[in-house]
Each structure stands twice: as structure tokens, then as C-alpha cells.
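1. After the sequence you'll find the predicted model.
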Amino acid sequence: MTAPMRMTVQRALATLLVNAAAAAQWNDDPEEFARQYGLASPDLVRLRMASVSGVDVTRHTINRKRMAMVWGFLPVTFSVLEFRGLLRGVTEAFLATVAPLRDPLDERRHAVKARALRDFLVNGSATKVPEFIVQLCAFEYMCSDLVSQAAVRAVGSAIAPAVGTTDTYITLAEGVNVIRSNWDFAPVLMKRQEIAADDPPTSITCYVLHAQGGRIRPFRMPEAAWQVLAQCRNTVSRVGLGALVALPPGEIDTVIGKSLARGFLAVRPAPAAPEPGHPRQEKLTSG
Amino acid sequence: MTTRLQELPHLGVGLGFREQLAEQILSRAHEIDWLELITDNFIRRTPAFLIRAEQLRQRFRLIPHGLEMSVGSSGPLDEEYLRDVADFVDAVRAPWFSDHLCFTREGNIELGSLIPIDRTFSSAVEVARKAQHVQEVAGRPFLLENITYYVEVQSDLEEAQFISAVLDNCECGLLLDVTNLWINSINHGFDPRKFLDAIPADRVVQVHVAGGYVTDEGRMIDSHSYPVPDEVWQLLADLSQRTDLRGVLLERDGNFPPDFGVIMAELESARTAVGWEKVRKDR
């Protein structure tokens, strides 16, 4: 058995401030904490001089700042959680479970932190959170994320024109994604309408979300068309789509034609080598 | 070659730029000597933020004040972040720039808050080495700011000793947050004037002042959301007798008064405390 790497006082303090389990262990049995984390005896003595209330105040500050970033990205989800009396429990469970690991310090850092909360909810880590809130969070995250991505994207990625080749490769256009939910969340997000949350799921709603001008425009669409666009999260060939979607080829062509015209799809050069393409869909975000 | 601290210009009394106050700040630009920008709100953002900074630069002298240099982390500096900060400092033609004497990350843990460094002689030397590197990369004086802290481990050095040890080992300046000093003196029980005696006052280039509140438990919190208390003005006046300050900056981050004149009055209080006239702006 190998001994743990030696931990510095500073690292130990950082761990106490963000890791609830480690902090609980520290409170229960500092010697065991020191043994487990490789904190030397003199450093253990020094760390014990840190006041419990000082650690608590500092941890509270860290958590408040962390959640403020997420709140800004998922305001409707937070409002619903608060209205339902779930906000405190969810945030406490999230903060205790998900450590704030280093993220890029850029425009997207809020998205990274919000994604952690979304994943936390979608993975079922927070008990007693109704499914409609989980799906609302996924829906709102996708909307905010598309706007965020659009903001940082370089202006106008070149789109290869559709040419008269025997096959054409297509993908969702920049700033576009598709999502399917058991509740109709678009009015909730766009018009801040109340949602009848305790009602059973209404019916499956399918949306194309398009980030334009710093805002999201949601377009409701039929299930069949959604199936076609969902396959276009990866770059796919027009011919290949026929094997992926159980629709007549003429219907697929109609969906593709309309979607190209509305800017939901973009034509891409053929991939250099057969490859499935980078999955655009983040696996937890859609039905 | 980096400008010597003694050669830095006197900027006067400035205000921390917050977007919520932008309209009032611009409407009373002639009464505000300079602005401090939170570096991290402008770098690694969309071009609109750089355009915003340039718009402000045409009206004010700007000083970038960062949050994430983390000179106190035990690992290496984030050189990419440093280059972005240096580019921004260059873009706004700042005479100096600043960040905090603290750590905000440790290994792969991101704290997102200003946490006090484990104060030892060896850490002071290491922090000084990093700060000097930051200054050299940016090519402008780099100031380190004392933070408010609510937790501390048993250390070899008192805070003032640690600051002195850092400054002894680099050519950087000090951004002395007088409110932080006052709050720490109350929360941790020391005499703030002895603190001023113990630090090299001639290295203090700039000052921050702000107001906080007291918790039910009697702890003072540095919230930047209340008027500057009289004790802080008195400490500022004391400090200004000890050294030739180049700038005083009022920080206000929340609980904004409905009347912007309240904030303007605080700028005047700062001028009174240090005995300065308003700086005449030619821009």
C-alpha cells in the first residue's frame, strides 16, 4: 500500500473549504483526516488553529459566489426551485457533492458551472426534485448555452455551398440545437408563464432552438421533422439519413430543404474519413 | 523596463466601474478622476467588452484590477491568463495594474474567492518571485492588494510581516485596502496603526476604501455595499501622512444608493481625507 502524497496546509484548507465530506471528516476526527490526506503532524497542528466559524464563513462565501454564477445562467430553473421550496436543499446537496474543479477562465465559465448543476439534476443526484424541473433545467441550459456559444463564436463560419454532388453532408447550423421534453417549456422560459408542474406530463414537445441576436428563438416542430434534425447533431450524409430515420426519402428531403432555408441546417464538406462526427448532443439534455 | 513606483502619476480619487452604475458614471465623468476595471470582466470575453473598455478609456484613466492571478497558489502561474491580462493592461494604457495577495485556486480546486496564503518566509519569497514575473511580463508596475480574511492557519508571520517579506523580495507595489485592514484588525484583534508601522509605506501606490457590515455574530464582512465608515477615513488620512499616494479608489458593489450623489460625496470625503483637489482631466 502506498502512502498518500503529502498535502500542504494550503491544499488542506482548500479541500476543507470545498469538499463537504472532507470537512465533515475533519470536524469528526482531524487525525484521521490528516492520515488520509497525508497532512504532516506539524501542519495538522497549524490547520487546527483555523477557527471553525472562520472556515464556515469562508465556505459560505465560496458557495454563494459559485451559485451566483449558475443562477445567472439558469434563472428560471432557480426561480421554480425557490418557489417550490427546493432551492436550498438542491444547492446544498449540489455543493456538497460536486467539487468546484478548475474551469477555463473565459466567457464560458458560467456555462461550465451551470452544466455541472444540470448534470447533477439529470443524473438523479438530487432527490425529491420533480422530473419537470429536471427537464426544465435541461431545456433552459440548452437555451442559455446556445446563446453563450453564439456570443463567443467567431463571426460567420464559412459554410460550404450545396453543390451538385451525388451526396451532400449536413449538420445542425451554428447556434442551433434540438430538444424534446415531456412538458412545453418554451412559454415558461420566453414568457415567464407559470407551469402546471404537478400535472402529469402533457405531451411530448419537440423544439428547434436557434440563438439569434443574443436571444433564443424556439420553433416547435412535428416529431417526424425533429427526428430528422436530431440525427443532424452529427454531420451526416443526405443519403445516409434515410437509413437513420424511418421516413420516406421524399419526406426527409422536404424537412432538409425547409430546414436549410430557415437556417437550422448547414451544408458541410464531406468528412475526410468515415467518422461518426463529434456528438453535438450532450447526452443528458434531450429526450 | 518597468516604470519605477516613484515615477507613477497621481491619478486622484477614482471609482470602481460597475455596469449598474455606468450611466451615472458617464454623466458625471468630470467629477471622477479615474476608474478601476475588474480585469476579469473584460478579458476572454466578446469583442464588445474591449470596445466598452476603449469607450471608457477615452473618458477616464483606467486601472485594471484582477481577481484570478492567484500568486499565492503553490503551483505555477497561469501564463496564458497572465498574457491576456498583460494585453488588456496594454490596451487600456494603464500606468499600473493590480491583483490580490492571496490564492484563488490550489491544484485542481477552484475556490473562486480570495483565500489567505499560508504565511511563511518561503511562501513570501515564492509569491514575490511570481509577482515580479507578472510585472515583467506586463511591463508595468504590478500592485498586490491585502485581502479581508475570515480564516487563517497558524503561520510563521503576521500579515504585515508577510507583506513586508513579499515586497522585500520583489519590486512590485502595494495596493492597500484600508477597509480590509480595518476589518481584519477588528475580526482578528490587532492595531491597524501598528500594521501601518510595520509595512513599507513607501511601496503603497494605491488605496481601496469601501464599506461593509457586521453579522449577528459580531463579525465584520467586507461587502462593498455600505458607506465607508469614519474609522476607515481616519486610517486613510493617517496613511496619506506616511506616503505619497498615487490613487484612492472607492469600491461599491451592491446596495447602490438611489441618489448617485451619495457616492460622489464619498469621493469628496476621500479627497478631504488625503487633502487632494480634484484632478483636472484633459480628456
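-> Received, thanks.
2. Tell me if stretch A:63-75 is near chain B.
-> Yes: for stretch A:63-75, a contact with chain B is found by Cβ under 8 Å from any Cβ of the partner chain, at A:65, A:66, A:69. Backbone N, C-alpha and C define where each C-beta goes, glycine included.
3. Can you tell me which of those has the lowest confidence score?
-> Note: of those, the lowest pLDDT belongs to residue A:69, at 80.
4. residues near the closest residue to chain B within the stretch 151-287 of chain A, how many?
-> For the stretch 151-287 of chain A and chain B, the shortest gap (Cβ to the nearest Cβ) falls at residue A:151, measuring 5.2 Å. As a burial measure, residue A:151 scores 15 neighbours (other Cβ atoms under 10 Å in any protein chain shown).
5. Roughly how far does it sit from residue B:270?
-> 37 Å (Cβ to Cβ, to the nearest Å).
6. And for residue B:190?
-> For residue B:190, the distance to residue B:270 (Cβ to Cβ) stands at 24 Å.
7. Looking at these two, which has the bigger crowd around it?
-> Taking other Cβ under 10 Å, residue B:190 and residue B:270 do not tie; residue B:270 has more neighbours (26 against 16).
8. Quick check: chain neighbours aside, which residue is closest to the residue of the stretch 151-287 of chain A closest to chain B?
-> The shortest distance from residue A:151 to any non-neighbouring residue, by Cβ to Cβ, 6 or more residues apart in numbering or on different chains, is to residue B:46 (5.2 Å).
9. Kindly report the same for residue B:71.
-> Nearest to residue B:71 is residue B:130, by Cβ to Cβ, 6+ apart, at 4.6 Å.
10. if I look at that neighbour, how far off is residue B:203?
-> 17 Å.
11. How about residue A:48?
-> 34 Å.
12. between the two, who's got more neighbours?
-> Counted by other Cβ under 10 Å, residue A:48 and residue B:203 do not tie: residue B:203 has more neighbours, with 21 against 13.
13. chain center to the host helix or strand of residue B:162, what's the gap?
-> Per DSSP states H and E, residue B:162 falls inside helix B:159-168. In terms of Cα atoms, centre = their mean, to the nearest Å, the centre of helix B:159-168 is found 16 Å from the chain centre.
14. May I see the buried residues of it?
-> Residues B:159, B:160, B:161, B:162, B:163, B:164, B:165, B:166, B:167 are the ones in helix B:159-168 that count as buried (16 or more other Cβ atoms under 10 Å in any protein chain shown).
15. With adjacent residues omitted, what lies nearest to the third one?
-> With sequence-adjacent residues excluded and distances taken as Cβ to Cβ, 6+ apart, residue B:161 is closest to residue B:198, at 6.7 Å.
16. Name the residues of whichever strand or helix holds the residue nearest to residue B:71 that are buried.
-> Assigned by DSSP H and E, residue B:130 belongs to helix B:121-138. Residues of helix B:121-138 classed as buried by neighbour count (16+ other Cβ under 10 Å): B:123-124, B:126-128, B:130-135, B:137-138.
17. For chain A, state which of those is nearest.
-> For the buried residues of helix B:121-138, the nearest to chain A is residue B:123 (8.2 Å; Cβ to the nearest Cβ).
18. Nearest residue to the closest one in space, please, no chain neighbours.
-> Residue B:123 sits nearest to residue B:117 (Cβ to Cβ, 6+ apart), 5.8 Å away.
19. low pLDDT regions in the stretch 151-287 of chain A?
-> For the stretch 151-287 of chain A, applying pLDDT under 70 flags the ranges A:152-167, A:191-202, A:271-287.
20. please redo it, this time with the cut-off set to 50
-> Where the stretch 151-287 of chain A drops to pLDDT under 50, the residues are A:154-165, A:274-287.
21. show me where it has helices.
-> A:186-191, A:223-231, A:238-244, A:249-261 (DSSP state H, counting those that start in this stretch).
22. Contacts for the second one, please.
-> By Cβ atoms under 8 Å, 6 or more residues apart in numbering or on different chains, the surrounding residues in contact with helix A:223-231 are A:172, A:178, A:180, A:204, A:206-208, A:221, A:241, A:244-247, A:251-252, A:255-256, A:258-259, A:264-265, A:281, A:286.
23. quick one: residue B:156 is in a helix?
-> No: checked against DSSP: H, G, I helix; E, B strand; the rest coil, residue B:156 lies outside a helix; its state is coil.
24. and the closest residue to residue B:98 other than its chain neighbours, bridged to which residues?
-> Leaving aside its chain neighbours, residue B:98 sits nearest to residue B:143 (3.9 Å; criterion: Cβ to Cβ, 6+ apart). Here residue B:143 shows beta-bridge partners residue B:98, residue B:173, assigned using DSSP bridges.
25. so who does residue B:143 touch?
-> Contacts of residue B:143 by Cβ under 8 Å, 6+ apart are B:96, B:97, B:98, B:99, B:172, B:173, B:174, B:175, B:205, B:206.
26. Could I have the CA atoms of the strand or helix carrying residue B:23 written out in CSV?
-> Using DSSP H and E, residue B:23 sits in helix B:22-27. Extracted C-alpha coordinates of helix B:22-27, given in CSV (Å, rounded to 0.1, in the frame of the first residue of the first chain):
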residue,chain,number,x,y,z
ALA,B,22,-22.3,53.1,-15.9
GLU,B,23,-24.9,55.7,-16.8
GLN,B,24,-24.3,57.8,-13.7
ILE,B,25,-20.6,57.4,-14.0
LEU,B,26,-20.6,58.7,-17.6
SER,B,27,-22.9,61.5,-16.8
